[in-house]
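Asker: Okay, sequence plus prediction incoming.
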Amino acid sequence: MAHLTLSQEREMHEAFDLFDADHSSSISKSELKHVT
């Protein structure tokens, strides 16, 4: 598994947060519908 730089890790976290609307630390089916 590749290691991410701190910058890459932050970027991935920010992208995840865009879809995790209720901040539950997971993306629900209803939140996932907004991705597509």
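Answerer: Now that the structure is in, tell me what you want to look at.
Asker: residue closest to the middle of this protein?
Answerer: Most central in the chain under Cα atoms, centre = their mean is F16, positioned 1.1 Å from the mean C-alpha point.
Asker: Find out how far the strand or helix carrying it is from the centre of the chain, if you would.
Answerer: Using DSSP states H and E, F16 maps to helix 6-19. In terms of Cα atoms, centre = their mean, to the nearest Å, the centre of helix 6-19 is found 6 Å from the chain centre.
Asker: Flag the shaky bits of the chain, pLDDT-wise.
Answerer: 1, 36 (pLDDT under 70).
Asker: pretty sure M12 contacts L4?
Answerer: Yes. Between M12 and L4 there is a contact under Cβ atoms under 8 Å: 7.1 Å. Every C-beta, even on glycine, is put in place using the N, C-alpha and C of the backbone.
Asker: hang on, the earlier thing: spell out which residues sit in contact with the residue nearest to the centre of the chain, please.
Answerer: I27 (Cβ atoms under 8 Å, 6 or more residues apart in numbering).
Asker: Apply 10 Å and report the result again.
Answerer: Residues counted as contacts of F16 (Cβ atoms under 10 Å, 6 or more residues apart in numbering) are S25, S26, I27.
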